[in-house]
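Enquirer: Here's a sequence, model it:
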Amino acid sequence: MISIAKNAARRAVGVAAAAVVVPVMVLAASVPAAAQGLLNQCWSPAELAGQPSEKPPRPHARGAAQRIPDLRLARFAPVPPTLRGSIRRVTLPKGQKLVALTFDLCEQSSEISGYDGAIVDYLRANEIHATFFAGGKWLLTHGERAQQLIADPRFEMANHGWAHRNVRGLDPVALEGEVVGPQRAYEQARSKLASRQCIARTPAAMRNVAPRLTLYRFPYGACNPQALATLANNGLLAVQWDVSAGDATRVVFPETVARNVLGSVRPGSIVLMHANGRGYNTGAALKILIPKLKARGFRMVTVTELLAAGQPVITPTCYDHRLGDTDRYDRLFQVRKGTRHGSLN
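Expert: This is a model prediction of the structure:
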């Protein structure tokens, strides 16, 4: 494993973010008023509140097929060599107890996956910072919810692939589409947000909305050297996890999800959960987990805030709990040689 010096990591994260660097407000005690106004002035509390009908995924739903938007991307710089690889957690200075809660919003090609409003509502009500790794297709099929998450200053948006494909089975063109597609979907959603009439009341608030995604999580936690290089060349940091909540198991109790996290979490951990309707009892588990994390002295931050607070721990490959444990997805999701699913339009 590679540990990178704190100052170098901060500089590199800034370089990877964009040509116009977005300031990282590390451990901000409160949300900027202008940014908070952006969310509240564009949507009423009733419009922000999640609905149970939004949670279940819809296989083979009308509108599931989406094309990658055709637009020019915001400028970026490639990731420097010292930050290439898979970030699993962050080593923090002694005494700091920070943890990044992350939620995947996966969506495969033939479905419209869900939106677990109970999770988002609880995080907002308790002022919890979190990072959402969204699929590019998800950003398009959940356009209004995507804009709400983008506008919320508590949350950070990140890239989780176009249609949740195993990148290890994709040719270079398809791989580029799987990585770049969500970048285009996010920047299109951000542009639509900026054009809303409500933004005219707080034009400065858009300065706090990231111009592009800077973090990527591999679907299934599976990668290879080619995929890692593609990310880095597109200015994206590869972010894995060191703690899995196990909430994607269909028969799981909220207490079990909370216990899975509490039994493994440590300062600097990155925790994997799901908010796309395939996190079973995740919302209920948060009501157990977050108070107990706070009682232990932990503070919840975004992944970018966590990276800026310490030294990222980087491995040369990707895995879930142990080396090689994501290789099974090569057998489960075979992709014919030469396929170009997810290629750029």
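Enquirer: any idea which residue sits dead centre in this structure?
Expert: residue 133 (2.0 Å; C-alpha atoms, centre = their mean).
Enquirer: Now it: closest residue in space that isn't a chain neighbour?
Expert: Distances taken as C-beta to C-beta, 6 or more residues apart in numbering put residue 160 closest to residue 133, at 3.9 Å, once the chain neighbours are dropped. Every residue, glycine included, has its C-beta placed from N, CA and C.
Enquirer: Please name the residues that touch the one you found.
Expert: Neighbour list for residue 160: 104, 105, 106, 133, 134, 135, 138, 182, 216, 217, 219 [criterion: C-beta atoms under 8 Å, 6 or more residues apart in numbering].
Enquirer: Helix or strand: which one has residue 47?
Expert: Element membership of residue 47 [criterion: DSSP states H and E] is helix 45-48.
Enquirer: Only the buried residues of that helix, if you could.
Expert: Residues residue 48 are the ones in helix 45-48 that count as buried (16 or more other C-beta atoms under 10 Å).
Enquirer: ok, and what's touching it?
Expert: Under C-beta under 8 Å, 6+ apart, the answer for helix 45-48 is 39, 121, 124, 148.
Enquirer: how about whichever helix or strand residue 314 is part of as CSV, C-alpha atoms only?
Expert: Assigned by DSSP H and E, residue 314 belongs to strand 311-315. The C-alpha trace of strand 311-315 is given here as CSV (Å, rounded to 0.1, in the frame of the first residue of the first chain):
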residue,chain,number,x,y,z
GLN,A,311,-3.2,10.6,3.7
PRO,A,312,-5.1,8.4,1.2
VAL,A,313,-4.2,4.7,1.4
ILE,A,314,-3.9,3.4,-2.2
THR,A,315,-3.6,-0.1,-3.5
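Enquirer: in its sheet, what does it sit against?
Expert: Under the criterion DSSP bridges, strand 311-315 sits next to strand 2-3 (antiparallel), strand 86-91 (antiparallel) in its sheet.
Enquirer: Can you check which of those strands gets nearest to residue 65?
Expert: Checking the strands paired with strand 311-315 against residue 65 by C-beta to C-beta gives strand 86-91 as the closest, at 31.1 Å.
Enquirer: Which residues does the closest one contact?
Expert: Contact with strand 86-91 is made by 1, 3, 98, 100, 223, 228, 237-242, 266, 268-270, 306-307, 309-318, as judged by C-beta under 8 Å, 6+ apart.
Enquirer: Count the neighbours of residue 251 for me.
Expert: Other residues near residue 251 come to 7 when the count uses other C-beta atoms under 10 Å.
Enquirer: just residue 203 next, same as before
Expert: That count, for residue 203 with other C-beta under 10 Å as the rule, works out to 11.
Enquirer: One more: residue 72?
Expert: Neighbourhood size, residue 72 [other C-beta under 10 Å]: 7.
Enquirer: Would you mind giving the secondary structure of residue 206?
Expert: Following DSSP: H, G, I helix; E, B strand; the rest coil, residue 206 is assigned to helix.
Enquirer: What does the pLDDT read for the residue nearest to it when sequence neighbours are not counted?
Expert: Spatially, and ignoring its direct neighbours in sequence, residue 206 is nearest to residue 194 (5.4 Å; C-beta to C-beta, 6+ apart). Looking at residue 194, its pLDDT reads 93.
Enquirer: ditto for residue 332
Expert: With respect to pLDDT, residue 332 scores 64.
Enquirer: SS state for residue 322?
Expert: Residue 322 is classified as coil under three-state DSSP.
Enquirer: Quick check: phi and psi on it?
Expert: Note on residue 322: backbone dihedrals following degrees, to the nearest 10 are phi -150, psi 160.
Enquirer: tell me how far the ends of stretch 43-62 are from each other?
Expert: Distance across stretch 43-62, first residue to last, is 27 Å (C-alpha to C-alpha, to the nearest Å).
Enquirer: what comes up buried for that stretch?
Expert: Using 16+ other C-beta under 10 Å as the test for burial, stretch 43-62 gives 43, 48, 50, 55, 57.
Enquirer: Same question for stretch 201-208.
Expert: 202, 205, 206, 208.
Enquirer: Tell me the span between the first and last residue of it.
Expert: 15 Å.
Enquirer: send the alpha carbons of stretch 220-227 over as PDB?
Expert: C-alpha atoms of stretch 220-227 as PDB (Å, rounded to 0.1, in the frame of the first residue of the first chain):
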ATOM      1  CA  TYR A 220     -18.800  -4.400  -8.400                       C
ATOM      2  CA  GLY A 221     -15.500  -3.000  -7.000                       C
ATOM      3  CA  ALA A 222     -13.700  -4.700  -9.900                       C
ATOM      4  CA  CYS A 223     -11.000  -3.000 -12.000                       C
ATOM      5  CA  ASN A 224      -7.800  -3.700 -13.900                       C
ATOM      6  CA  PRO A 225      -4.800  -1.600 -14.900                       C
ATOM      7  CA  GLN A 226      -6.400  -0.400 -18.100                       C
ATOM      8  CA  ALA A 227      -9.500   0.900 -16.300                       C
END
